[in-house]
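K.L.:
the sequence and its predicted three-dimensional model are supplied below.
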Amino acid sequence: MSASGSLSDAPAPPTAEINPRVRPARASFFVRARHWMGLIPQGILSLVDQGLVSATGFATSVLIGRLCDPRELGIYYLALSIVLFIRGIQEQIISTPYMIFNHRRQGAARDAYLGSCFAHQATTAGFTVIGLAGLGTALSLGVGPPSLLPAVFVLLGAAPALLLREFLRQMSFAHLRLHAVLLLDASVAVLQLGGLAIFAWRGWISPSAALAAMGGASAVACMTWFFTERPRMHFAQEHIVADWRRNWTFSRWTLAGQVMGTAVPFVLPWVLAHWHGASATGTLAACSTLVGVGNMFLTGVSNYLTPKAANAYVHEGIPGLRRVLNLAGGACLVVLGGFTLLIAVAGEWLVRIAFDGKYEHVGVVMTVLALSTLVNSLSVTASNGLYALEQVRANFRVDVCVTIVSLFAAALVLPLGVLGAALATFSGTVTGAIARILIVHYAMASHEPQKSKRKPHNTKAKLNLLPCPRTTSARQYPTQRSDRSSG
C-alpha cells in the first residue's frame, strides 16, 4: 500500500505544487504557509516550534494549577509522567533509528522503511493501550492512588493520539521538514487551549478534562498532517520484520539506556506522592513547569541536533560532527546559563505570580532544577554525538551510572521532600554530563584516524600529481593521504 507525497524528499522545498484533488482555497493556504516558512532558517523554526509546544504545555499546567488544588495538579503530573515515559520508549525504538538510518536509504528502500516505522508505531500504541488497561484494573482493585483512575481511563483513548503526534513530529524532524512540524503543533495548540478554555468556562476543568483535550487536539492535528503531507510509504511484511530487527539491533541499547536514565525521574514523583502526598507532587509539578521553559530551548536544539549531527558525520566526518556539537553546546551554555541566573534571582516570585500564591518557599528547588537543565543540555549534546557515532553501548553504560547515583540520592526525598527530589535529579544529570562529554571526546579522537584511512575514489589519479621520487613509498606522505580522504 502506498501514498504519494513529499515527505521523503528532504530538505523541504520552499514551494510546493497544488494537488488537483485538493480544493483551491485550502491548497492555497498550505502552499503559502510552506512558502513563507521555507524562507526562515531551520534552526530558528525548530526553536519556534518547541517554544509553541512548551507554551502550550505551560499554559495547560498553569491553568490546572490555578483552577485546581495542588493535589489535582499532582494527579495530572503523575498521569502525564506515564505518557512521557512511554513516549521516551517509542522515541528510542522507532524515532531515533529512523533519524539515523533514513539518510542512508534512497527511493523505494526509503519508502518501505517509512512504512515499516509506521507499523512499529501502531504496534507500540497497541501495547500502550493494553498496559493502561492493566494499570486501570490495578487501581480499581486498590493498588495505587485511586484518584488517578479517571485520568488513566481517559488515557486509554488519548495516549495513542499523543504518541502518534510525537512520532509524526520526530519523522518530520528527520526529513528537516520543520514547516510541517510547526503546522502540526500550531494546530494542537489552538485546539487544546481552545478546549481547555471551554472546560474552564463551564467549570469542568480537571486532570481528566485536560488529558481529553490533549488527546482530541492531537487526533485532529494528526489527520490534518496526513492530509497535507501525504507521506510516500510502502507496507510489506518482510520489510517490516527486517527493519524491526535492524532497528532493534541499534535501539536495544538506546532503549535500555532510556529505561535506566528515566527510571528515577519517572519514579521520583510517585515516591514523593507516597511519602508526602499528592500535594507535594503538585509542588514539584509547579516548579518543573516553570523550569520547563528552559527545557523548551533544550528540546528544540535536540530535535534539530539529532539528524543534523548524523548527517554531518556521514558527509563531513569527525570535523563536521565536532563543529555541530561545539555550536550546539555553546548555544546551550549561553542561553540556559542566563535562564538559570534568572531563576536563581526571581524563581520564588515567578512561582507566586504564575500559580496565584499557592506554592511558597520553593526558590531553592527552582534553582536546583534550573541547574539540572543547564547541565543536562551538555549531556544531551554529547549524547547526540555518541548516537551519530553509533556508540549506543556507551550511552547505556552512562545511563546505568546515572541511575545508580540517582537511586542513592533519592533517599533524600524522605527527609527533604520536594527539595530531595530536585537534588536527586541534579546529581544524576551531573554524573551523566561528565561521563558523556569524556566518552564522546575520546570516541571522536579514536574515529578520526580510522576516517583518514579511507581511500577516495580518485586517490590514484591524485597521487600521480605528487612530486614524489619513484623510489618513495606513499606511506611517507600521510598528510596528503589524509587530506584526500576527507574530500
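P.N.:
Sure thing, it's come through.
K.L.:
show me where pLDDT drops low in this structure?
P.N.:
Low-confidence segments of the chain, defined by pLDDT under 70, span residues 1-43, 448-487.
K.L.:
how about the strands in it?
P.N.:
All strands of the chain, identified by DSSP state E, fall at 2-3, 233-234.
K.L.:
check the gap between residue 98 and residue 127 for me.
P.N.:
As judged by C-beta to C-beta, to the nearest Å, residue 98 and residue 127 stand 19 Å apart. C-betas here are computed from N, CA, C, even on glycine.
K.L.:
so what are the domain limits for the chain?
P.N.:
1-235, 275-451 (automatic domain parsing).
K.L.:
and residue 248, which of the ones you listed is closest to it?
P.N.:
domain 1-235 (7.2 Å; C-beta to C-beta).
K.L.:
what segments of the stretch 301-450 of the chain are helices?
P.N.:
Using DSSP state H, counting those that start in this stretch, the helices of the stretch 301-450 of the chain run over residues 363-388, 392-409, 413-416, 418-452.
K.L.:
residue 263: which of these is closest?
P.N.:
helix 392-409 (5.8 Å).
K.L.:
ok and the closest one relative to helix 418-452, angle-wise?
P.N.:
160 degrees (axes from the mean of the first three to the mean of the last three C-alpha atoms, to 10 degrees).
K.L.:
pull the residues that contact helix 392-409.
P.N.:
250-251, 253-254, 256-258, 260-261, 263-265, 383, 386-387, 420, 423-425, 427-429, 431-432, 435-436, 439, 443 (C-beta atoms under 8 Å, 6 or more residues apart in numbering).
K.L.:
next: stretch 336-345.
P.N.:
Contacts for stretch 336-345 (C-beta under 8 Å, 6+ apart): 290-291, 293-294, 297-298, 350, 366-367, 369-371, 373-374, 377.
K.L.:
check contacts around residue 90.
P.N.:
Counting by C-beta under 8 Å, 6+ apart, residue 90 makes contact with 121, 124, 163, 166-167.
K.L.:
one more time with 6 Å
P.N.:
124, 163 (C-beta atoms under 6 Å, 6 or more residues apart in numbering).
K.L.:
how many neighbours does the closest residue to residue 447 other than its chain neighbours have?
P.N.:
Spatial nearest neighbour of residue 447, excluding adjacent residues (C-beta to C-beta, 6 or more residues apart in numbering): residue 318 at 5.7 Å. Residue neighbour count, defined by other C-beta atoms under 10 Å, stands at 23 for residue 318.
K.L.:
what of the one 4 residues further on?
P.N.:
Neighbouring residues of residue 322 were enumerated by other C-beta under 10 Å; the total is 19.
K.L.:
now the nearest residue to it once chain neighbours are set aside: how far from residue 127?
P.N.:
Once flanking residues are discounted, residue 322 sits nearest to residue 444: 6.1 Å by C-beta to C-beta, 6+ apart. Separation of residue 444 from residue 127 (C-beta to C-beta): 37 Å.
K.L.:
same question, residue 216
P.N.:
With C-beta to C-beta as the criterion, residue 216 and residue 127 are 22 Å apart.
K.L.:
which one's more surrounded, the two?
P.N.:
Counting neighbours by other C-beta under 10 Å for residue 216 and for residue 127 shows that residue 216 has the greater number, 17 against 11.
K.L.:
any idea where the helices of the stretch 101-250 of the chain begin and end?
P.N.:
Using DSSP H, counting those that start in this stretch, the helices found in the stretch 101-250 of the chain span residues 107-140, 149-174, 178-202, 207-229, 237-276.
K.L.:
thinking again about what came up before, same list (the domains of the chain) but as JSON lines, adding distance to residue 242.
P.N.:
Putting those into JSON lines (distance: least, C-beta to C-beta, whole Å) gives the following:
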{"stretch": "domain 1-235", "distance to residue 242": "8"}
{"stretch": "domain 275-451", "distance to residue 242": "19"}
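K.L.:
now do the contacts for the closest residue to residue 174 other than its chain neighbours.
P.N.:
Closest residue to residue 174 apart from its sequence neighbours, by C-beta to C-beta, 6+ apart: residue 99 at 4.4 Å. Counting by C-beta under 6 Å, 6+ apart, residue 99 touches 174, 306-307.
K.L.:
recalculate using a threshold of 7 Å.
P.N.:
174, 306-307, 310 (C-beta atoms under 7 Å, 6 or more residues apart in numbering).
K.L.:
picking up where we left off before, quick check: which of the helices of the stretch 301-450 of the chain is nearest to residue 93?
P.N.:
helix 392-409 (11.9 Å).
K.L.:
in that closest one, which residues are buried?
P.N.:
By 16 or more other C-beta atoms under 10 Å, the buried positions in helix 392-409 come out as 392, 394-399, 401-403, 405-406, 409.
K.L.:
with stretch 437-451 instead?
P.N.:
Within stretch 437-451, judged by 16+ other C-beta under 10 Å, the buried ones are 437, 439-440, 443-444, 447, 451.
K.L.:
report the two of the residues you listed separated the most.
P.N.:
So, the buried residues of stretch 437-451 by C-beta to C-beta: farthest apart are 437 and 451, at 21.0 Å.
K.L.:
run a quick neighbour tally on residue 330.
P.N.:
Neighbour number of residue 330 under other C-beta under 10 Å is 11.
K.L.:
ugh, wrong one, residue 346
P.N.:
13.
K.L.:
and if you look at residue 304?
P.N.:
Residues near residue 304, counting by other C-beta under 10 Å: 24.
K.L.:
buried by neighbour count: which residues of stretch 94-107 qualify?
P.N.:
For stretch 94-107, by 16+ other C-beta under 10 Å, it's 94-103.
K.L.:
nearest to residue 221 among these?
P.N.:
Once C-beta to C-beta is applied, the member of the buried residues of stretch 94-107 that ends up nearest residue 221 is residue 95, at 17.5 Å.
K.L.:
how near is the closest one to residue 71?
P.N.:
Distance, residue 95 to residue 71, by C-beta to C-beta: 34 Å.
K.L.:
and what of residue 213?
P.N.:
20 Å.
K.L.:
one more: residue 409?
P.N.:
From residue 409 to residue 71 the distance is 26 Å (C-beta to C-beta).
K.L.:
same question for residue 53.
P.N.:
In terms of C-beta to C-beta, residue 53 sits 27 Å off from residue 71.
K.L.:
so between these two, which is more surrounded?
P.N.:
residue 53 (23 against 18).
K.L.:
chain neighbours aside, what residue packs nearest to the more buried one?
P.N.:
Nearest non-adjacent residue to residue 53 (C-beta to C-beta, 6+ apart): residue 185, at 5.2 Å.
K.L.:
isn't that neighbour right up against residue 54?
P.N.:
No: with contact defined as C-beta atoms under 7 Å, residue 185 does not reach residue 54; the gap is 10.1 Å.
K.L.:
and for the two, which residues touch both?
P.N.:
By C-beta under 7 Å, 6+ apart, no residue touches both residue 185 and residue 54.
K.L.:
nearest to residue 245, out of the domains of the chain?
P.N.:
Checked against C-beta to C-beta, the stretch from the domains of the chain lying closest is domain 1-235, at 10.4 Å.
K.L.:
run the chain-centre distance for that closest one.
P.N.:
Centroid separation between domain 1-235 and its chain, computed with C-alpha atoms, centre = their mean, to the nearest Å, is 12 Å.
K.L.:
stretch 287-304 now?
P.N.:
For stretch 287-304, the distance to the chain centre is 10 Å (C-alpha atoms, centre = their mean).
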